[in-house]
Structures are given as C-alpha cells and as structure tokens.
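Visitor: got a sequence here, can you build the structure:
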Amino acid sequence: DEDAGLLHYLARSGDNPMKVQFHRVRLDGTDDTRLTDPAFHHTVDFAPDGRHFVDIEQTHNQPPTSWLRAADGTIFGRLAKSDLTRATQLGLKPVELLRFKAADGVTDLFGLLHFPSNFRARRKYPLLVSVYAGPETVGARETFTLPHPLTEFGFLVATFDSRSASGRGKHFLDAIYQRLGIVEVDDQAAGVKSLWSLPYVNRARVGIFGTSYGGTVSATALLRHPDVFHAACSSSAVTDYRNYDSIYAERYLWIPQEAKAAYDAASIMTYAPNLKGRLMLFYGTADDNVHPNNTIQLIAALQRAGKSFEVQVGPDLGHTTINRDRMMEFFIENLVLR
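Guide: Residues are numbered from 1 along each chain as shown. So this is what the prediction gives:
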C-alpha cells in the first residue's frame, strides 16, 4: 500500500516454524507488527480493495476457524467455525505434535503421531512410519489433521520431518547436499528413537512405507538402521540417482563423474548385504517417472547378497503405490503375527 506507506507480508514467525503469520511494516522498515495469533497457523486472503482480509487459523489438532479482519488486524467477526461433533462421536483421537532432535543431536525437527480410535495407553502398539522426506517437503504441519486411516488396523502411525524439510531456509537445507540417502534417512531413525521412551510404543515392531522418494527412504532406512526398523514397504523407489532425472539428481548430488562417492552413498544397492528385516518392493511396469530398472537392479543386488524379500509388480501401472490392503497384510504378518 504505497499511499499508506505500508507493506503486508507472511512470515514463519509463530511459536514454531510451521505457523505462518501475517505482518505489517512501514516501507522504511519501521513499526513491524504481527497481526495474527502466533499460537495458530494462518492463511490470509485480502479483499481486492486491500481494506479487509479473511484469516483462517488452525493447528494440527485445532480445526479451522475463519475470521474477517480489517487491514490492521482488527477483528470484525467470525465467519465460520469447524464442527468436530461427528469426529468426537467416532472416538477419533487428536493427533500429537512431536519435537525431537535430528540425527546431528542439535537441529530441532517436528513430527506427528496418530492414534487408533480405541487407543489404550496401557497397551503396546506396533508403529508405522509414513514417509516421503524428499527435499523441501515436510512430515509435520500445523494444518488440521485427522488420524491416519491405517491406525484403525491397530497401529500407531508417525510422520517425521528430516533436515530436508521446507520452510527452514537454505542453510538448513544445505545439510542434504551430496548426502541424499544419509541425512534424511538418519533423521527418520532419530524420530523413531525419540518415541522409544513412550510406554505404548513397541520399539521391536516398527515398519516404514512410502512411494517414490518415500520408497527410496523406506528401503534405505530398513537397510541402514536395522536396529530401528523391522519391516519396510517400498513403492516406485529411485534406487540409484544415476538412473533418475539429471536435473533433479545433480541439483543435490552434483554430476556423477565428479561426485561418485555421493552417488554410491545414496544408492540402495550399496546396502543390500545389510538386509535383516522384512522388505516388500513394488513397481509399475509402465512407470515413466522412476524407470522399473531401478527396482530390478535392487532385486539383483539383494539376490546376489542371498537375501529373502518380497516383490509386487503392477502390470501396465505407472508411478504409483502398492495396493493398501496388500501392504497392510504384509505389515500385519511381519509386525503383529510374527
């Protein structure tokens, strides 16, 4: 607003980095004022005349409420409030926000823990980690989250940030440069270890699953951290970045001719002899994103190492994930019945 000499902007200045806030500052840099409540994450939509805005506030366990505000943040009234009556009737449990140290022992990371509707704190539950963890993605967020459907199979479900998370700045993200397959995987293991002290977490029965980059992390986590993960379902995984898009791989690993060690360290085949837990691999024969040869090369490496594992093939399927019921059959067999 040049006439008023003001700039409005969004910033991650809430009480944690996931809670985006709305600010106003004078064009000379003075009188910087936060106009929203730092206890919530905010989504802002300004009116065309710049005199009012709609503010939607929420957190991971508090559903959205919409407010009409003046440009200076003054509240005119509440527009809408979410109704959780039905969720309460169903016994759905609030999702819990986790804060833990990354594998470096210094960096604060966040996660979410989901509970089944019949949760009992005196019981021990197997844990499933749902993962992606690719560069500039997150495992935790401050938008309202209902419990993961897979909890109703009798599991706790967790999602964790890694030092690949978005919204934390370039210096933060530099931790993964030429260290793909190491840093983000170690941070997933650190997230699980942070739950070991909870009496209702069965640390001896932990599975991990994901698709695409999440498939890569799932398989790598099982192979590199056999003391933490006991079963993994890996779908459509990049098993070696020399097999993937150069414009993506070289952004984080540099060129393979000059960064062989980084590519070798990120290759799942490097760790094939380490397999101790149960592994399920899935790929689609028509995958035009991650070529099926990624999974074929991992299968060959595991066979050379004399390892036992399972494979599901999706004939004529593209870049997709394994059938959910088949995946849960695998985890129930290996984390519940075994």
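
Visitor: in the stretch 101-250 of the chain, which spans are helices?
Guide: 170-173, 183-193, 213-224, 246-253 (DSSP state H, counting those that start in this stretch).

Visitor: to L79, which of those lies closest?
Guide: Shortest distance between L79 and these, using Cβ to Cβ, is found for helix 170-173: 35.3 Å. Just so you know, the C-beta spots here come from the backbone N, C-alpha and C atoms, and that holds for glycine as well.

Visitor: contact partners of the closest one?
Guide: 107, 135-136, 163-165 (Cβ atoms under 8 Å, 6 or more residues apart in numbering).

Visitor: report the buried members of these.
Guide: 107, 135, 163-165 (16 or more other Cβ atoms under 10 Å).

Visitor: closest one of these to V290?
Guide: P135 (15.8 Å).

Visitor: V206 reaches P126, doesn't it?
Guide: Yes: contact criterion Cβ atoms under 8 Å: V206 and P126 qualify, at 7.1 Å.

Visitor: compare these two (neighbour count), which wins?
Guide: Legend: neighbour count by other Cβ atoms under 10 Å for V206 and P126, higher for V206 (28 against 22).

Visitor: show me what that one is bridged to.
Guide: On the basis of DSSP bridges, V206 is bridged to L127.

Visitor: quick check: the farthest pair among the buried ones among the contacts of helix 170-173?
Guide: T107 and P135 (15.6 Å).

Visitor: hang on, the earlier thing: in CSV, list the contacts of helix 170-173 along with distance to M18 and pLDDT.
Guide: Below are the contacts of helix 170-173 laid out as CSV (distance: Cβ to Cβ, whole Å; pLDDT from 0 to 100):
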residue, distance to M18, pLDDT
T107, 15, 97
P135, 17, 96
E136, 14, 95
R163, 15, 97
S164, 15, 96
A165, 9, 96
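
Visitor: distance to L10 for the residues you listed - can I get that in CSV?
Guide: Below are these laid out as CSV (distance: Cβ to Cβ, whole Å):
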residue, distance to L10
T107, 24
P135, 22
E136, 17
R163, 23
S164, 22
A165, 18
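
Visitor: in the stretch 201-338 of the chain, which spans are strands?
Guide: 201-211, 231-235, 278-284, 310-314 (DSSP state E, counting those that start in this stretch).

Visitor: most packed of those?
Guide: Each of the strands of the stretch 201-338 of the chain was given a mean neighbour count from mean count of other Cβ atoms under 10 Å, and the largest, a mean of 28, is that of strand 231-235.

Visitor: other SSEs contacting it?
Guide: Strand 231-235 makes packing contacts with strand 201-211, helix 213-224, strand 278-284, helix 324-331 when contacts are defined by 3 or more Cβ pairs under 8 Å, 6 or more residues apart in numbering; DSSP states H and E.

Visitor: of all the ones you listed, which lies closest to I247?
Guide: helix 213-224 (15.1 Å).

Visitor: which helices and strands does that closest one pack with?
Guide: So helix 213-224, by 3+ Cβ pairs under 8 Å, 6+ apart, packs with helix 183-193, strand 201-211, strand 231-235, strand 278-284.

Visitor: if we can go back for a sec, just say which of the helices of the stretch 101-250 of the chain is most tucked in.
Guide: In terms of average neighbour count - mean count of other Cβ under 10 Å - the standout among the helices of the stretch 101-250 of the chain is helix 213-224, at a mean of 28.

Visitor: quick one: it to chain centroid distance?
Guide: 13 Å (Cα atoms, centre = their mean, to the nearest Å).

Visitor: cool, stretch 330-338 as well?
Guide: 23 Å.

Visitor: now the nearest residue to Q62 once chain neighbours are set aside: how far from H42?
Guide: In space, Q62 comes closest to F144 once its chain neighbours are excluded; the distance is 6.6 Å by Cβ to Cβ, 6 or more residues apart in numbering. Distance, F144 to H42, using Cβ to Cβ, to the nearest Å: 13 Å.

Visitor: ok, F330 next?
Guide: F330 is 40 Å from H42, by Cβ to Cβ.

Visitor: returning to that earlier point: what about the residue nearest to Q62, neighbour count?
Guide: 16.

Visitor: isn't it up against P63?
Guide: Yes: contact criterion Cβ under 8 Å: F144 and P63 qualify, at 4.4 Å.

Visitor: now the common contact residues for these two.
Guide: Taking Cβ under 8 Å, 6+ apart as the contact rule, F144 and P63 both touch S82.

Visitor: chain center to whichever strand or helix holds R99: distance?
Guide: R99 is part of strand 96-101, with elements assigned from DSSP states H and E. Chain-centre distance of strand 96-101: 13 Å, with Cα atoms, centre = their mean.

Visitor: what's that strand packed up against?
Guide: For strand 96-101, the packing partners by 3+ Cβ pairs under 8 Å, 6+ apart are strand 108-114, strand 156-160, helix 183-193.

Visitor: give me the angle between the last one and strand 108-114.
Guide: Taking axes from the mean of the first three to the mean of the last three Cα atoms, to 10 degrees, one finds that helix 183-193 is oriented at 60 degrees with respect to strand 108-114.

Visitor: show residues contacting helix 183-193.
Guide: 98, 100-103, 109, 111, 127, 129, 131, 133-134, 139, 158, 160-164, 175-176, 203, 206, 208, 217, 220-221, 224-225, 228-229.
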